[in-house]
Structures are given as C-alpha cells and as structure tokens.
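Colleague: predicted coordinates and the sequence they were generated for:
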Amino acid sequence: MDIKGYDPIMNVMDIDVTIVNPYAYDSYDLRLIIYTNSRGIRLVNPDNWTALWDIPGGAQINPFRAFAKEVDNRMFAGYANHTERIQIEFPAGIAPVAIAIDTSWPGNCGEPYMIENFTQETLYSIVDSWSDVTIDVYDYQQDIADVELCCPAILSNECMFLSGMTGSPYSVQPYRWGGTLANNTGAGEGRYQGYVKSTSDTSGELALYELVDIAIKHGTATPHDPFVASTIELGGDANDVEYDNGYVYVATDNGLSVVDVTDPVEPLWVGFVETPLRARGVVFEDNMVYVATGIYSGSLSNQSFVQAFDMGDPAAPIPVWGIQTHYPYALDIVGDYLYVADGTAGLKVIDVTIPTIVGEIDTRTAKDVKVSRDYACLADGIDGMTIINVTDPENPSFVSSTGLGHAIGVCIQDQYVYMVYPDKLRIFNAINPYNPDAISIKYLSYELMGLAVQDDYIYIAIENNYFLVYDASNLYWSVRYSRL
C-alpha cells in the first residue's frame with residue numbers, strides 16, 4: 001500500500017494498492033471490497049458493488065475495486081501482482097478501514113462481472129412523467145437472468161425490470177438493457193440515488209450492483225413529456241378528432257360527439273348526433289362539420305355516406321345533407337371542395353356548396369387524404385403514397401405512386417409528406433410530386449393507427465390506447481421523445 005496524497009478539504013486519501021498472488025494457481029475477478037460503516041467511510045471510485053462477505057455496521061452492499069481488468073477474463077495469474085489506485089473518503093477523520101479480498105477459482109465469477117454506462121432521458125417532476133433508461137451489463141457465462149432498477153424515492157417500493165435491447169446474450173460484449181422509468185411518486189426536482197441489480201442463471205441469488213444517479217427536472221407537460229390531463233367516456237370507440245375554437249368533434253362508432261375542451265382538465269360532452277353507421281373521419285370548416293360514415297360488409301357498403309352538420313350551436317348539431325359514397329375512410333377540405341378517401345373507390349371530390357360529387361379518380365385503396373399546393377396525397381393501401389393533381393378539383397389526375405408498403409395515414413407539412421404504415425413511418429420530400437424522394441424511415445415495434453404533424457413534432461397513434469411523440473427537426477433521423 002502506497003499513500004499518494006490526502007485532500008484535507010474533501011477528506012479523500014489516494015492510495016495505490018498492490019495485491020500479490022502468492023500461489024501458482026491462476027484466479028479470476030479479484031475484488032478489493034471496502035466496507036461501509038457508520039462513520040461514513042466510503043470508496044469514492046468503485047467499479048461496482050457487492051453483497052458478498054457483508055459485515056455489520058454499514059450498508060448491505062459494499063463497493064469494490066476490481067484488479068487485473070486489463071487482462072483477458074480478468075485472470076490474476078499465479079505469482080503475479082496488480083496495482084489499483086483507490087480513493088477513500090474519511091468524512092469524520094482518518095480511521096481504520098475494514099476490507100476483504102474476494103477472488104474466483106477455477107474460473108470466472110458466476111454473477112455478472114461489470115455494470116456501467118447508465119443513461120437517462122429527461123424526467124420531469126410530474127406524476128407518471130417518464131423517460132427511457134439504459135445500462136450495459138457484462139457477464140462471462142452469457143446467461144444474464146434479470147436486470148432491475150430500484151429507486152424508492154421515484155418508483156415507490158417497486159423495482160422495475162429492464163429488458164435486453166442490443167447485443168447478444170450469447171456474447172461477452174456489453175449487453176444493453178433498458179426500459180421506461182416513470183416518476184410514480186411525483187418526486188420533485190433534484191438528483192436521486194438508486195441502484196441497478198443484476199443476476200445470472202449461474203449465480204442464482206448472488207447479484208452485482210451499481211449505484212446510479214437519476215435526475216428530475218422541474219417542468220410541466222411538453223411534447224418531450226406529455227401526460228393525460230383528462231379523459232371522457234363517449235360511449236363508443238373514437239376513430240377521428242377535429243379541434244376548433246374550444247371544441248373537439250369526435251367521430252365514434254356511434255356517431256358524432258362534441259366536447260367542450262375550454263378547460264382541458266374538465267372536458268364536457270355537450271352534443272351528440274347519431275350516424276347511420278360508424279363515423280370514421282371528421283373535418284370542420286366554417287361552422288360546418290363533415291363526417292365520413294360507413295361500414296364495409298357486403299351489401300352494407302352501399303349505406304356509406306358523407307354527412308354535413310351545421311354546428312352553429314355545438315350542443316345541437318343539425319344534419320344538413322348526406323351523400324352516398326362507397327366506403328369513406330377520411331376527409332380533408334380546402335375552400336368549397338371536400339376530398340374523400342373512399343376506399344377501393346379511390347378519391348372523390350364534393351363541392352359542398354351544391355352539394356354534389358363533382359370529381360373522382362380510381363386508386364388502389366384510399367384510406368387517408370391530405371391536400372396541399374394543388375395536390376392531394378393519399379395513403380393508398382399497398383400502393384403506398386399516391387399523389388393526385390387537384391388544380392382542377394373537378395378533373396383530378398394521377399401524378400405518381402410510391403408503392404413501398406401498405407400506407408394507412410398521411411400528413412403534410414411544407415413540401416414534406418409523412419406516411420404511416422402498420423409498422424413504420426416514412427418521410428418524403430415531395431417538392432417534385434412527380435418523383436417524391438423517400439428521405440427517412442423509422443421502423444416501430446407497434447401497430448400504428450394514424451398521425452399528426454406540428455412544427456418539429458410527429459404525433460403517432462398506436463395500438464392499445466397509446467401514442468408516440470417524435471422530434472423530426474432532423475427529418476433524416478427522427479428521434480422518439482415520449483410515449484403516452
């Protein structure tokens with residue numbers, strides 16, 4: 001042992017510790033354990049923590065410094081010696097330190113041998129705020145069983161299990177584990193200490209530990225961290241929604257519902273009108289709401305309609321007209337023209353001032369439509385994105401089609417088109433609509449249902465009542481910010 005220095009302000013002593021193997025036998029994973037105690041003595045620069053050989057008087061786990069880390073499999077060869085610089089804090093003054101030396105023979109330790117690289121996205125001081133966390137766990141036997149993150153101040157008394165993310169459990173390379181950490185307790189701004197615990201099939205209950213710091217920032221909901229402000233029961237599945245001036249108009253399986261969201265925390269269901277069949281799409285323009293209704297089931301397909309309602313009094317929608325179509329999925333409106341994604345009947349155009357279907361064009365399976373710069377972009381089933389020229393809405397003409405999968409939803413912002421497929425998001429630069437350029441793709445492990453785009457954020461509805469928020473400020477590589 002060679003004392004290299006002492007900092008009287010920080011009360012930290014630097015010591016070079018040399019350990020010699022006095023035997024001819026090779027050992028593995030030698031650890032110098034520095035026991036914690038009631039005087040606050042601690043190892044400042046530990047590699048990890050262990051519960052092995054614990055003694056009374058301190059924490060149930062103790063920090064250690066590993067030796068021979070530069071040698072393959074951390075083998076401590078017979079008659080060899082290795083040195084490590086350790087730093088010990090003596091908060092109440094220099095005092096005796098209890099230590100233990102642990103090593104494995106004839107092979108490596110059974111438990112994971114190293115945990116490192118804890119990462120955390122932003123977590124806010126709001127109940128159920130969440131962030132993704134990751135950590136790397138190393139194990140020589142390649143049989144990691146569990147990785148848990150525990151922090152009672154944030155998670156309450158429950159630990160969360162992490163899942164394997166990248167790498168291979170059959171490799172001695174770092175195996176990354178991750179999960180979604182929720183602020184279950186509503187812990188305030190600050191830093192909170194937790195720990196990661198990992199076991200393997202070989203080690204059984206014997207675990208390796210690592211202390212981690214979790215940061216919480218003060219804040220309210222942002223696209224980075226949305227939360228549920230309120231819910232309201234509408235008596236049927238919600239299929240589409242449109243907002244205008246303090247009201248949301250919701251197309252449900254039962255009809256059109258009108259909800260007053262002047263106070264988003266206390267929404268009020270103020271109006272309802274039954275539609276003949278399921279309401280699938282809705283748009284609002286000039287005190288009028290247009291609803292796509294229908295169900296595709298043999299002869300019932302001829303009962304599908306686009307309906308118009310006067311919303312002068314949102315509490316009492318007044319039916320104005322209805323036009324029979326094939327099977328309308330979605331609507332968009334520009335000026336006096338209503339564009340209908342009409343399933344296998346393609347695109348239909350309704351002049352709402354007459355009202356009459358004044359234009360149409362066959363496409364594969366139109367499931368969503370958005371109109372911008374004299375072009376209608378369709379999510380067109382297996383034809384992917386289909387672009388239609390609607391400079392003359394009464395004579396729409398085909399421009400291009402991308403293929404590239406079964407498209408189900410579309411949004412447009414500037415010259416960029418965002419297309420949703422059941423398992424992925426594609427972004428196109430359509431500045432040249434005759435040859436749109438696919439510039440980004442994001443594969444997702446969810447079933448996607450629809451999307452919206454605002455500024456730099458993409459909002460994607462997914463299965464099981466969730467949605468995702470992506471930062472698309474770099475369109476070539478969209479990054480997920482949050483899930484709700």
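Modeller: Structure received. Residues are numbered from 1 along each chain as shown.
Colleague: packing partners for whichever strand or helix holds residue 273?
Modeller: Assessed by DSSP states H and E, residue 273 sits inside strand 268-274. Counting contacts by 3 or more C-beta pairs under 8 Å, 6 or more residues apart in numbering; DSSP states H and E, strand 268-274 packs against strand 255-260. (Each C-beta comes from the backbone N, C-alpha and C, glycine too.)
Colleague: what angle sits between the strand it packs on and strand 268-274?
Modeller: 160 degrees (axes from the mean of the first three to the mean of the last three C-alpha atoms, to 10 degrees).
Colleague: quickly list the domain ranges of the protein.
Modeller: 2-104, 114-216, 238-483 (automatic domain parsing).
Colleague: residue 416 and residue 430 touch, don't they?
Modeller: Yes - Residue 416 is within contact range of residue 430, at 7.0 Å (criterion: C-beta atoms under 8 Å).
Colleague: okay, those two: which has more neighbours?
Modeller: Comparing residue 416 with residue 430 by other C-beta atoms under 10 Å, the one with more neighbours is residue 430, at 24 against 18.
Colleague: how much space between that one and residue 412?
Modeller: Distance, residue 430 to residue 412, using C-beta to C-beta, to the nearest Å: 8 Å.
Colleague: now do residue 203
Modeller: As judged by C-beta to C-beta, residue 203 and residue 412 stand 55 Å apart.
Colleague: can you tell me the closest non-neighbouring residue to residue 57?
Modeller: residue 37 (4.9 Å; C-beta to C-beta, 6 or more residues apart in numbering).
Colleague: on that earlier part again, so what sits against both of residue 430 and residue 412?
Modeller: Residues touching both residue 430 and residue 412 by C-beta atoms under 8 Å, 6 or more residues apart in numbering: residue 377.
Colleague: quick check: which ranges of this protein have low pLDDT?
Modeller: Counting by pLDDT under 70, the chain contains low-confidence ranges at 166-174, 219-229, 295-302, 445-446, 463-467, 471-484.
Colleague: now do the same end-to-end measure for stretch 421-440.
Modeller: 13 Å (C-alpha to C-alpha, to the nearest Å).
Colleague: quick one: buried residues of it?
Modeller: 421, 425-430, 433, 436, 440 (16 or more other C-beta atoms under 10 Å).
Colleague: so which of these belong to helices?
Modeller: Judged by DSSP state H, those include no members of helices.
Colleague: between those, which is closest to residue 12?
Modeller: Checking the buried residues of stretch 421-440 against residue 12 by C-beta to C-beta gives residue 440 as the nearest, at 49.2 Å.
Colleague: ok, the closest residue to the closest one other than its chain neighbours to residue 383 distance?
Modeller: Nearest non-adjacent residue to residue 440, counting by C-beta to C-beta, 6+ apart: residue 427, 4.1 Å away. Between residue 427 and residue 383 the computed distance is 18 Å (C-beta to C-beta).
Colleague: what residues does stretch 105-118 touch?
Modeller: With contacts defined as C-beta under 8 Å, 6+ apart, stretch 105-118 is touched by 25-29, 47-48, 66, 73-74, 104, 133-141, 144, 174, 196, 198-200, 202-204, 206-210, 212.
Colleague: so where do the helices sit in the chain?
Modeller: 152-155.
Colleague: mind naming the longest strand for it?
Modeller: Of all segments of type strand in the chain, defined using DSSP state E, the longest is strand 190-200.
Colleague: pull out the buried positions in that strand.
Modeller: Those would be 192, 194-200, for strand 190-200 by 16+ other C-beta under 10 Å.
Colleague: give me the sheet partners of it and which way each runs.
Modeller: Partners of strand 190-200 in the sheet, by DSSP bridges, are strand 144-150 (antiparallel), strand 208-216 (antiparallel).
Colleague: turn the ones you listed into TSV, columns for distance to residue 15.
Modeller: TSV is the format used below for the strands paired with strand 190-200 (distance: least, C-beta to C-beta, whole Å):
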stretch	distance to residue 15
strand 144-150	31
strand 208-216	21
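Colleague: got CSV for those, with distance to residue 113 and mean neighbour count too?
Modeller: Listed next are the strands paired with strand 190-200 as CSV, based on distance: least, C-beta to C-beta, whole Å; neighbours: other C-beta atoms under 10 Å:
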stretch, distance to residue 113, mean neighbour count
strand 144-150, 11, 20
strand 208-216, 7, 20
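Colleague: ok, which of the ones you listed comes nearest residue 82?
Modeller: Per C-beta to C-beta, nearest to residue 82 of these: strand 208-216, 20.2 Å.
Colleague: how about the nearest residue to residue 189, chain neighbours excluded?
Modeller: residue 218 (4.1 Å).
Colleague: neighbours around the one you found, how many?
Modeller: Neighbours of residue 218 (other C-beta under 10 Å): 10.
Colleague: any idea how far residue 469 is from it?
Modeller: 20 Å.
Colleague: now swap in residue 21 and tell me
Modeller: 55 Å.
Colleague: the residue nearest to residue 57: what's it in contact with?
Modeller: Applying C-beta under 8 Å, 6+ apart, the residues near residue 37 are 57-58, 98.
Colleague: cool, and residue 436?
Modeller: 385, 387, 400, 402, 417, 428-430.
Colleague: do the same with residue 79
Modeller: Contact analysis of residue 79 by C-beta under 8 Å, 6+ apart lists 20-24.
Colleague: any idea how far the residue nearest to residue 316 when sequence neighbours are not counted is from residue 230?
Modeller: Setting aside the residues directly before and after it, residue 316 is nearest to residue 271 in space (C-beta to C-beta, 6+ apart), at 6.3 Å. Distance, residue 271 to residue 230, using C-beta to C-beta: 18 Å.
Colleague: got it, and residue 267?
Modeller: 5 Å.
Colleague: which one of those two is surrounded by more residues?
Modeller: residue 267 (17 against 10).
Colleague: ok, now which ones touch that one?
Modeller: Per C-beta under 8 Å, 6+ apart, neighbours of residue 267: 230, 232, 248, 259-261.
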